[in-house]
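Enquirer: No letters, just coordinates:
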């Protein structure tokens, strides 16, 4: 190994990661910081070569300027998949990588948990239980034979597609560079979405937030979907127009929607979303489980080994494309 870098671990609880790093590379100098505040003086004093950073308090207030400032590192390893809280940056001055793929299996499980919530009418059964009502003709809605549209066939979209096929769904999807893909029946460019919304029984949003995806799912898109479609958003806040969704739900459009991401996080207490029926709201947690943080860090450690050997990093993010 040729490089012994200084590493800043910027998470809500850096201790387990500092311990893991000390276990495998005790010669590396590392420091932790567990808040957004006062990061700039820490960077100025420590002068890290690398920062491993997670947006653990949401995007609002994230210390982007400090990380990209004169005391910032040469390499910023983002512990999640999305990097919209960091863009834009000068790729000639700093390398940014992400942890794309680590969270995909858990997010895919979230997607199908949400879908089954609506197809099995869990809310209806709960209401019957509360009322001690035994309906003689309650019907389930099978997934087999239905069509799922996955908007964004990256790591998460592909994980969703694999599970969709296990349920017998027909899968169509979009990606920036369309090409045949395993578990996907049709791959289209994003420009084809106006013709695809109405073909889907289930719509899953799993695209990054980019200038071209901001407001992608607006009132026109929502009204083009089937009236009994199910919408699941595990993309980034801003891809879906929240006000348009409120209007669509109030108008009786869509069987239901599950939202894990929002334009403003945390979701304000006066948001009309809280009071709507046929809606699942979760606090940007579809990827989060007990082992998630360390799994993401293990991916970083693999990349760190590349760095120290003078080899190319993987999961480098193009600031123009956003992924």
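Expert: On my side now, so go ahead. Owing to the predicted nature of the structure, the values given are computational and were not obtained by experimental measurement.

Enquirer: And for residue 8, nearest residue in space, chain neighbours not counted?
Expert: Using Cβ to Cβ, 6 or more residues apart in numbering and skipping the chain neighbours, the partner closest in space to residue 8 is residue 48 (4.0 Å). Every residue, glycine included, has its C-beta placed from N, CA and C.

Enquirer: From residue 93, how far off is that neighbour?
Expert: Distance, residue 48 to residue 93, using Cβ to Cβ, to the nearest Å: 15 Å.

Enquirer: Residue 69 too?
Expert: Relative to residue 93, residue 69 is positioned 11 Å away (Cβ to Cβ).

Enquirer: out of the two, which sits in the more crowded spot?
Expert: Comparing residue 69 with residue 93 by neighbour count (other Cβ atoms under 10 Å), the higher total belongs to residue 69, at 13 against 9.

Enquirer: roughly how far apart are the more buried one and residue 281?
Expert: In terms of Cβ to Cβ, residue 69 sits 35 Å off from residue 281.

Enquirer: With residue 64 instead?
Expert: 27 Å.

Enquirer: which of those two has more neighbours?
Expert: Shown here are residue 64 and residue 281; by other Cβ under 10 Å, residue 64 has more neighbours (20 against 14).

Enquirer: in terms of contact, does that one touch residue 88 like I think?
Expert: No - with contact defined as Cβ atoms under 8 Å, residue 64 does not reach residue 88; the gap is 9.8 Å.

Enquirer: Now residue 175: closest residue in space that isn't a chain neighbour?
Expert: residue 153 (4.3 Å).

Enquirer: The one you found and residue 110: what is the separation?
Expert: 17 Å.

Enquirer: Hmm, residue 22 is touching residue 30, no?
Expert: Yes - using Cβ under 8 Å, residue 22 is in contact with residue 30, at 7.3 Å.

Enquirer: When those two are compared, which one has more neighbours?
Expert: residue 30 (20 against 12).

Enquirer: Could you say which helix or strand holds that one?
Expert: Using DSSP states H and E, residue 30 falls within strand 29-33.

Enquirer: what do you get for residue 16?
Expert: helix 15-24.

Enquirer: From start to finish, how long is stretch 246-254 in a straight line?
Expert: 11 Å (Cα to Cα, to the nearest Å).

Enquirer: Show me what counts as buried in it.
Expert: 246, 248, 249, 253, 254 (16 or more other Cβ atoms under 10 Å).

Enquirer: Kindly report the same for stretch 93-110.
Expert: Neighbour counts over stretch 93-110 (16+ other Cβ under 10 Å) mark 94-108, 110 as buried.

Enquirer: Thank you kindly, that will do.
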